[in-house]
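Undergrad: Build me a structure from this.
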Amino acid sequence: MSGWSGRSTPALRNVLIVHYHFLPVHNVAVKRLVGYAKSLPCFGWRAHILTRDWHGIEEADASWGLSWEPHLERDAGCVIHRAPDPRSAAGRPRVRRVRPPPRKPARATRVSAYRDRLAGKFRRLGRIFFGPYPDEFVGWVRPAVAAGLRVARDNRIDAIMSYCPPETNHLVARRLALRLDVPWVPFFGDLDGFLDAPLPRYSLEGALRRKWHRWCLAPAAACAGISPSMASYLARTYRKRTELIHTGFDPHDFPESRGPIPARPRFVVSHIGSVYPGDQRPEIFFDGLDLLLARRPEIASRIEVRFVGSKCDDGLHAMLAGRPAARVCAVEPKVDSATAIGLVRDSDALLAFTCTHHRDRHGTLSYPTKIFEAFGARRPVLAVPADGDWVDELLTRTAGGVSARDAADVAAVLAEWFLAWSRDGRVPYQGRSDEIADFSRDRQVERLGQLLDSVCRR
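TA: So this is what the prediction gives:
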């Protein structure tokens, strides 16, 4: 028989991955988990996904960056188990709406400001005691746990992994781990509500939330995080062994082109994905683009900057209003994942906005994972602003791009790249293949498999 080696293939162990959002809905987190699920069998694990029942739903929750991509289920590489969400008889998700803050009088007194803060505190405390805590998906916990127990009756579950956000996933996994007596690994793509920084140290709200966080994570065998600062924070705060596992990139998404470089009239810089003004600082990039166009107005007809799927199109339009940069920037709606990858490949350079919240106290807890897509596509990436931490180190180590501290840096980098493109038809890419290979998806899944192996040996 072809391929017979005389040895039996070891049986795969089963990991139950808990995530409220999963195919046929799709976003960055779903893409990450689908990638992990496809590669885990190579490292001894079969993925079973526990998610809500999304079939028959006609709309996705735009605030979570979701799109509908049912065709991806056919090649998901995992077994998907679904539990209904009981929040409505029709099974439709409630859309998270961001309510605008109430308008305040032009001259608010100290008393009214204090009253508003106090009312806000009471609302948040009421949510902890009587509302949907830890998040609006908590009603899914009971049916999800019941579905998880049914999965365990039909399949030997050797470990559980849950992904945050949303926090409800960790609550489901906690209950299942205790009921099934199997090791549990909470995976943090974002610290979300588990970050103590926004909470006053001596407030009742802060004390209650910190206590809940520690209670929730107490049974965890280990944790996983996506940046060195996040891994350090989790290990220090929750006293758990924490492994660093990146999103990574799939080399199959970016086949190397062997043909000639097609000529085109414009130098294209792209940002594909969500933008979070306030935490991220797109205005620094716009300032730099304004500066470049003021110095070199003739290049305005030969440069295009596109923002696709920002989730804040109106905000970007408002930032661009009246700027010279508005002449060269296009803000476009979200596209499906295959089209997004195509846009990455079709760009001369890529843009990433780093996160700035909590950086001074905790370092780079989160960062734009689109940097890894730039590695896969072999396109230089400009990170704005420089973080003085993990992103800068990552780009220096791989030579896959550069960071810009301010508008002057942005203008200088864009001018250099445009000059190279106008001369050679492409921006030179100096990425170190040996370093970049360490961020491939298979390498990250190998680390995840080793983490699951280790918690099962305890």
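Undergrad: And for residue 175, the neighbour number?
TA: 18 (other Cβ atoms under 10 Å). No exception for glycine: its C-beta is placed from N, CA and C like everyone else's.
Undergrad: Give the helix, strand or coil label for it.
TA: helix (DSSP: H, G, I helix; E, B strand; the rest coil).
Undergrad: Go ahead and confirm it touches residue 145.
TA: Yes. Residue 175 lies in contact with residue 145 (Cβ atoms under 8 Å); the separation is 5.0 Å.
Undergrad: Tell me where the stretch 351-458 of the chain has helices.
TA: For the stretch 351-458 of the chain, the helices defined by DSSP state H, counting those that start in this stretch cover 359-362, 370-377, 390-398, 407-424, 433-436, 441-456.
Undergrad: Check which helices and strands the last one sits against.
TA: Other elements packing on helix 441-456 under the criterion 3 or more Cβ pairs under 8 Å, 6 or more residues apart in numbering; DSSP states H and E are strand 13-18, helix 28-39, strand 159-164, strand 184-188, strand 242-244.
Undergrad: repeat that for 6 Å
TA: helix 28-39 (3 or more Cβ pairs under 6 Å, 6 or more residues apart in numbering; DSSP states H and E).
Undergrad: Which secondary structure elements does the helix or strand just after the helix it packs on sit against?
TA: Note on helix 28-39: by DSSP states H and E, the next helix or strand toward the C-terminus is strand 45-52. If you count contacts as 3+ Cβ pairs under 6 Å, 6+ apart, strand 45-52 packs onto strand 13-18, strand 79-83.
Undergrad: For strand 45-52, which strands pair with it and how are they oriented?
TA: strand 13-18 (parallel), strand 79-83 (parallel) (DSSP bridges).
Undergrad: which residues sit against that strand?
TA: 12-20, 22, 37, 40, 78-82, 85, 140, 148, 151, 449, 452 (Cβ atoms under 6 Å, 6 or more residues apart in numbering).
Undergrad: What's the PyMOL line that selects buried ones from the residues you listed?
TA: This is how PyMOL selects the buried members of the contacts of strand 45-52, with burial counted by 16 or more other Cβ atoms under 10 Å:
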select buried, resi 13+14+15+16+17+18+19+20+22+37+40+78+80+81+82+85+140+148+151+449+452
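Undergrad: Could you list the low-pLDDT ranges of the stretch 301-450 of the chain?
TA: Low-confidence segments of the stretch 301-450 of the chain, defined by pLDDT under 70: 360.
Undergrad: Pipe the helices of the stretch 351-458 of the chain into JSON lines and attach distance to residue 156 per row.
TA: Converted to JSON lines, these look like this (distance: least, Cβ to Cβ, whole Å):
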{"stretch": "helix 359-362", "distance to residue 156": "39"}
{"stretch": "helix 370-377", "distance to residue 156": "33"}
{"stretch": "helix 390-398", "distance to residue 156": "38"}
{"stretch": "helix 407-424", "distance to residue 156": "53"}
{"stretch": "helix 433-436", "distance to residue 156": "37"}
{"stretch": "helix 441-456", "distance to residue 156": "12"}
